[in-house]
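Asks: Pasting a predicted model and its sequence here:
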Amino acid sequence: MKNLKTSVIATAVLLFIGFSMNAQEGSAFGFKGGLNYGANGDYFESIGDNAENPDRNIGYHLGVFAKIGDRLYFRPELVYTATKSDYNSDDFQVKKLDAPLLFGIKVLGPVSVFGGPSLQYILDTEFDGIEIDDVEDDFSVGLNFGIGLSFNKIGIDLRYERGFSDNEATFIGDNIGTGVVSRIDTRPDQLILSLSVAL
């Protein structure tokens, strides 16, 4: 319930900003969605059965954005993201809210470059069917930067995201019959392809 309340409040704030800025030239509000291609960090077991460089998978994201400004612009977003990483035969799934705060500049015609911090709030994590409650920090900070194309109300962008702060999910292997403590680095390392539509 707390997570739902947080997401509803954040969405309402972003909607208000978007609609209030939409009257200014070059400003916009709209919806976005797309695919994520990446993985989280390494997996460690106390008995030494570690899995580094997990296999990358395709995830997805859906959300809203506001754009304030024209040639130089500020673009806050609120996005629900679902990702999955493969560790040998096991899957680690993360569901989170991302709030990128991006600053951009148009460089040539419809092309712009952008970057900025991304505030991340983990809603749920699951490893091989086991829900994990013990994540060091539900809230963390990452970095987004990339390139975008804008054609009237339609936009396409490709960006790279990397988590800054160390943030591990820890679970006791008794849940899966091994009796060991395991840790997974929850920081994202991914490419994100998005399509956005301004209203």
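Replies: Good, I have the coordinates. Numbers count the residues shown, from 1 in each chain.
Asks: Setting the sequence-adjacent residues aside, check what's closest to residue 151.
Replies: residue 110 (5.9 Å; C-beta to C-beta, 6 or more residues apart in numbering). For every residue, glycine as well, the C-beta is placed using N, CA and C.
Asks: Run through the helices of the chain in chain order.
Replies: 2-21 (DSSP state H).
Asks: Low-confidence bits of it, can you list those?
Replies: 1-26, 39-55, 87-89, 127-138, 165-187 (pLDDT under 70).
Asks: As a check, name the ranges of all strands in it.
Replies: Ranges of strands in the chain, per DSSP state E, are 28-39, 43-45, 57-69, 72-87, 90-108, 111-127, 130-131, 134-135, 139-151, 154-163, 168-172, 181-185, 189-198.
Asks: List the pairing partners of the longest one within its sheet, with orientation.
Replies: When pairs are called by DSSP bridges, strand 90-108 turns out to pair with strand 72-87 (antiparallel), strand 111-127 (antiparallel).
Asks: Just tell me which of the ones you listed ends up closest to residue 199.
Replies: strand 72-87 (14.6 Å; C-beta to C-beta).
Asks: Could you pull out the buried residues of the closest one?
Replies: Using 16 or more other C-beta atoms under 10 Å as the test for burial, strand 72-87 gives 73-81, 83-85, 87.
Asks: From residue 146, how far off is residue 157?
Replies: As defined by C-beta to C-beta, to the nearest Å, residue 157 lies at a distance of 6 Å from residue 146.
Asks: Please disregard the earlier target; I meant residue 66.
Replies: Distance, residue 66 to residue 146, by C-beta to C-beta: 18 Å.
Asks: more crowded one of the two?
Replies: For residue 66 and residue 146, the more surrounded residue by other C-beta atoms under 10 Å is residue 66, and the numbers stand at 24 against 19.
Asks: is the more buried one in a bridge, and if so with what?
Replies: Going by DSSP bridges, residue 66 forms beta bridges with residue 29.
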